[in-house]
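Q: sharing a model that was predicted from the sequence below.
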Amino acid sequence: MTSPGAPRVAVIDVGSNTVLLTVAERRGATFAPVVERAEITRLGRGVDRTGRLAPEAIEETVAAIARYASEARALGAERIAAVATSAARDASNGAAFFEACRAAAGVAPEIIAGGEEARLVHLSAWGDFGGAGRRLAVLDVGGGSSEVTWGSGPVPEGRRSFQMGAVRLTERISPADPPSPTELQRMEEAARSALAELVSIRGSGALAGARLVAVAGTVTTLAAVAQALPSYDALRVHGSALHRRELGELSARLASMPAAARARLPGMEPKRADVIVAGALVVLAAMDLGGFDELTVSDRGVRWGLLHDRFGAGGAGA
């Protein structure tokens, strides 16, 4: 429930696959959501192959950001913080994208490195699932990259960014629809190769006793499909659990059907149907290499970490 007159701020997270908005009211050291939006624009389409953002991807993403900024201002947001992650980091023509954002929306997203992205996600996960005596490992599977952090507090003790995500893996293998067993094996091998450092991280003891929290659209979509939700329900997804065996069975089921059939499944976000198999394989690789049998799903990620970092008590925007 919102409070009339409470200070409002907004954050926009521009990922390789999805653009997300949160408008929130500040309540002391915490925040209450007013509006949350997510739109798949696939800014990172083709970047792995060409090294450039496609003109149509820039156009669609800038339009979404402009709509978000307009809505945030109409809702009384006094400040807007925006960040861009993997696709914009990797593209040689990122400057054109930022100039278009500034012209259309009055907002130019700040490029954040993979380590900073991971820190913000960890901060968000700790706010929901951390506490005294607890240890978290946080997995963020995006479109172009994936991040893993670990630690016993809101600031991670360690973090790694891997250049592998749901869109990147799909484009790298370009599987048939549905993928063949050989293509699935190649995708699995590519995911495990990209995340191979998790084996040594696990061997160091850094992940021992940690609860695995997974964030972002791939895992929230998998959770929604696992529950066969008729429409997305953040209250049922956030905090839910996915077991390794359950996720493996779901991944195999999704891989056995064409994208059009996946798109019709209860809980599936239709625009994610063509990359969800790759996303699931990245999650499974992270669980196997990190030694986890279960994960907790978080409906929050970079944008909630950004809220607390920039606008919370002691944050840069406080």
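A: Thanks, I have it.
Q: now the helices for the stretch 101-250 of the chain?
A: Taking DSSP state H, counting those that start in this stretch as the criterion, the stretch 101-250 of the chain contains helices spanning 114-129, 166-173, 181-194, 197-203, 217-226, 234-237, 244-255.
Q: give me the mean pLDDT for the second one.
A: Read it as helix 166-173. Helix 166-173 shows a mean pLDDT of 94.
Q: got it, and the shortest one?
A: Per-residue pLDDT values across helix 234-237 average out to 91.
Q: centre of the chain to it, how far?
A: 16 Å (C-alpha atoms, centre = their mean, to the nearest Å).
Q: if you count neighbours, what's buried in that helix?
A: If you call a residue buried by 16 or more other C-beta atoms under 10 Å, then helix 234-237 has these buried ones: Val237. Bear in mind the C-beta positions are built from the backbone N, C-alpha and C, glycine included.
Q: what helices and strands are in contact with that helix?
A: Secondary-structure packing of helix 234-237 (3 or more C-beta pairs under 8 Å, 6 or more residues apart in numbering; DSSP states H and E): helix 217-226.
Q: ok so, going back, turn the helices of the stretch 101-250 of the chain into JSON lines, including distance to Arg49.
A: Output for the helices of the stretch 101-250 of the chain, formatted as JSON lines (distance: least, C-beta to C-beta, whole Å):
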{"stretch": "helix 114-129", "distance to Arg49": "20"}
{"stretch": "helix 166-173", "distance to Arg49": "6"}
{"stretch": "helix 181-194", "distance to Arg49": "14"}
{"stretch": "helix 197-203", "distance to Arg49": "24"}
{"stretch": "helix 217-226", "distance to Arg49": "21"}
{"stretch": "helix 234-237", "distance to Arg49": "32"}
{"stretch": "helix 244-255", "distance to Arg49": "23"}
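Q: of those, which is nearest Val282?
A: helix 181-194 (4.8 Å; C-beta to C-beta).
Q: packing partners of the closest one?
A: Short answer (3+ C-beta pairs under 8 Å, 6+ apart): helix 181-194 packs on helix 166-173, helix 276-290.
Q: nearest to Gly151, of those helices?
A: That would be helix 276-290 among the helices and strands packed on helix 181-194, by C-beta to C-beta, at 14.2 Å.
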